[in-house]
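Asks: Structure, please.
(one chain, ligands or ions: 1)
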Amino acid sequence: MNQPLLDARDLRVTFRIRREGDLPWTKPLGLQAVSGVDFTLAPGETLGIVGESGCGKSTLARALVGLVPATGRAVWTDGKDLLALPPSEFQRYRSDIQMVFQDPLASLNPRMTVGQIIAEPLTTHHPELTREEVKVRVKDMMDRVGLLPNQINRYPHEFSGGQCQRIGIARALIVRPKLVICDEPVSALDVSIQAQVINLLIELQAQFGMALIFIAHDLSVVKHISDRVMVLYLGRVMETAPTTELFSEPQHPYTQALLSAVPIPDPLLERAKRVIPLEGELPSPMAPPSGCVFRTRCPRARALCAEAVPPLTGADHRTACHFPGPLTEAEIEGALARTAARAEAARAATAA
Ligand SMILES: Nc1ncnc2c1ncn2[C@@H]1O[C@H](COP(=O)(O)OP(=O)(O)OP(=O)(O)O)[C@@H](O)[C@H]1O
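Replies: Model (predicted):
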């Protein structure tokens, strides 16, 4: 890769948690939401981030735009470590890194007109622009995202969810950022609208050349839009690879389980496919398992997995697993049998 746009090393975010009933002097517990995440993003590249709810996707995104404090390094293309910058200097980079949020309506100020909402980052970062210049750019941006420029004086509640997300995208792109972080940008939208918004992002990326970090639950959406995918589990990277390779040759048992749950559009294939179960519950991030954090739900876990943290190894396709590779029939059968036995035991306990 030529000069990366962003080189993130050992990113960590720890929340201090107070439980109900804790006395004021009780030491808060640490919840490591992001734990030693490394990735590199090239200019114009799209990195998809996937993983179950609570695995740290949003926290990682928020750390990159300074919304939550993080440690580690996030080196921008000019060599500056964004995490080491004082807030005043970090603000200068905020026009280069914009964010699109999940809930389009909630993320827009209801008391501002669409024109004011879209113009805000522009006037913040370019106070030298005249009102007329700002208006011209806002109308141009509205047109590019498929909004009618004559809707500039309307308010967010007058728009549908999909249109609100277009407003959010226009607001993010008006300052021509080098990176847009999209945190579940379509999950709150109707399925019919989701594809339109995704295709809009792809079109705008072709026009402006910005890189995207695209966070989503839906793996088919991630597959469609991403050049690379990073799989997170309990705040750690389990696997990262170019998209086609990750989907065709997943090496980590967790990635294999996630992919096995993706619906196949052909009903016959869908009925015949085997879903690899994720055994048991997601452990608490406040007390993650020793060694490999995925081991308590892994069909292949062995003694070593409890003893040593697997390093993320590989060049372009990287996996954090002591025993990577496709799960065998016997391993999947074992996981299915254990899952069925657990369900039976839970049923019996409820009936008793
Ligand atoms: N402000 C906060 N204070 C304390 N804990 C937090 C805070 N924000 C997130 N967490 C915890 O950090 C962990 C990661 O949460 P995060 O929202 O980043 O996950 P996620 O993968 O984005 O989940 P989802 O897909 O549901 O949005 C979770 O255990 C969550 O409860």
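
Asks: which residues does I213 contact?
Replies: The contact partners of I213, taken as CB atoms under 8 Å, 6 or more residues apart in numbering, are 41, 46-47, 49, 61, 64, 179-182. All C-beta spots, glycine's among them, are computed from the backbone N, C-alpha and C.

Asks: for it, helix, strand, or coil?
Replies: I213 falls in the strand class when you classify it by DSSP: H, G, I helix; E, B strand; the rest coil.

Asks: what's the answer for Q196, then?
Replies: Secondary structure, three-state DSSP: Q196 is helix.

Asks: Can you tell me, leaving aside adjacent residues, what's nearest to it?
Replies: Excluding the flanking residues, the one nearest Q196 by CB to CB, 6 or more residues apart in numbering is G162, at 6.4 Å.

Asks: could you say what helices and strands the one helix or strand that neighbour maps to packs with?
Replies: If you go by DSSP states H and E, G162 is part of helix 161-173. Packing contacts for helix 161-173, counted by 3 or more CB pairs under 8 Å, 6 or more residues apart in numbering; DSSP states H and E, involve strand 97-100, helix 114-125, helix 131-144, helix 191-208.

Asks: Most tightly packed of these?
Replies: When the helices and strands packed on helix 161-173 are scored by mean count of other CB atoms under 10 Å, the highest mean neighbour count falls to strand 97-100 (a mean of 24).

Asks: Partner strands of it and their direction?
Replies: As defined by DSSP bridges, the strand partners of strand 97-100 come to strand 179-183 (parallel).

Asks: could you check the angle helix 114-125 makes with the helix holding G162?
Replies: Calculated by axes from the mean of the first three to the mean of the last three CA atoms, to 10 degrees, helix 161-173 forms an angle of 20 degrees with helix 114-125.

Asks: Give the burial count for F294, as a bare number.
Replies: If you count neighbours by other CB atoms under 10 Å, F294 ends up with 25.

Asks: Please verify my assumption that it contacts V237.
Replies: No - assessed by CB atoms under 8 Å, F294 is found out of contact with V237, at 11.4 Å.

Asks: Which residue, other than its chain neighbours, is closest to A172?
Replies: Q98 (3.8 Å).

Asks: For the one you found, which residues are in contact?
Replies: For Q98, the contacting residues are 121, 171-173, 175, 177, 179-181, by CB under 8 Å, 6+ apart.

Asks: if we take these, which one ends up nearest to the ligand?
Replies: Within these, the smallest distance to the ligand is 12.0 Å, found for I181 (CB to the nearest ligand atom).

Asks: which residues touch that closest one?
Replies: Residues in contact with I181, defined by CB under 8 Å, 6+ apart, are 61, 64-65, 97-100, 212-213, 215.

Asks: Give me the distance between it and P24.
Replies: I181 is 36 Å from P24, where distance means CB to CB, to the nearest Å.

Asks: Residues of this structure that sit close to the ligand?
Replies: 15, 17, 31, 33, 51, 53-59, 285 (CB under 6 Å from any ligand atom).
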